[in-house]
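Peer 1: no sequence for this one, just the structure:
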């Protein structure tokens with residue numbers, strides 16, 4: 001016959017507290033984001049939307065990486081301080097939930113953005129975003145289409161003027177011919 005040892009209350013309490021503590025450590029920092037890839041045009045704004053949950057007040061740091069370039073954008077603690085680097089001071093808006101807004105995009109802003117959330121205990125978690133910045137081509141196409149339309153209207157007006165001048169010229173020539181013809185006089189018949 002099998003003998004089962006029943007756990008006493010202390011064993012169960014220790015087991016549950018260890019399990020809860022492990023679950024707490026595993027889920028201490030979470031970063032949620034609805035979109036990890038953004039495509040914007042030059043001079044547009046980009047909003048890197050994240051929702052950071054943490055058991056303590058986190059330190060949020062954003063970093064830009066592209067090729068061999070890696071530079072810090074800013075570091076802040078929600079409600080405590082905000083430190084944006086000089087390169088981004090007029091273009092970055094920091095939010096308490098960890099999100100970051102970047103305004104007046106340039107072509108060199110295209111790259112990989114990393115948000116690092118760190119707790120005071122030392123644990124941290126990262127999330128990455130890809131930003132693609134397109135050059136604004138539609139303004140050139142708009143200028144070209146407006147120019148082509150203006151030239152087409154000008155060409156239409158010139159063709160209309162040429163047609164009217166041709167009609168006037170033909171009427172003038174016909175009038176001159178009629179004027180040069182001798183008038184039809186009544187001719188008297190003479191007796192023979």
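Peer 2: Here it is on my side, so go on. Note that the structure is predicted; figures quoted are calculated from it, not measured.
Peer 1: Helices of this structure, residue ranges please.
Peer 2: 9-26, 138-180 (DSSP state H).
Peer 1: Show me this structure divided up by domain.
Peer 2: Domain assignment for the chain by automatic domain parsing gives 28-135, 137-178.
Peer 1: Quick one: closest of those to residue 192.
Peer 2: domain 137-178 (34.5 Å; Cβ to Cβ). Bear in mind the C-beta positions are built from the backbone N, C-alpha and C, glycine included.
Peer 1: that older thread, and the helices of the chain, which one averages the lowest pLDDT?
Peer 2: If you rank these by mean pLDDT, helix 9-26 sits at the bottom with a mean of 57.
Peer 1: so how far is residue 46 from the residue nearest to residue 62 when sequence neighbours are not counted?
Peer 2: Nearest residue to residue 62, sequence neighbours excluded (Cβ to Cβ, 6 or more residues apart in numbering): residue 73, at 4.2 Å. Per Cβ to Cβ, to the nearest Å, residue 73 is found 12 Å from residue 46.
Peer 1: Please apply the same query to residue 75.
Peer 2: 19 Å.
Peer 1: how many other residues sit next to the residue nearest to residue 62?
Peer 2: 21 (other Cβ atoms under 10 Å).
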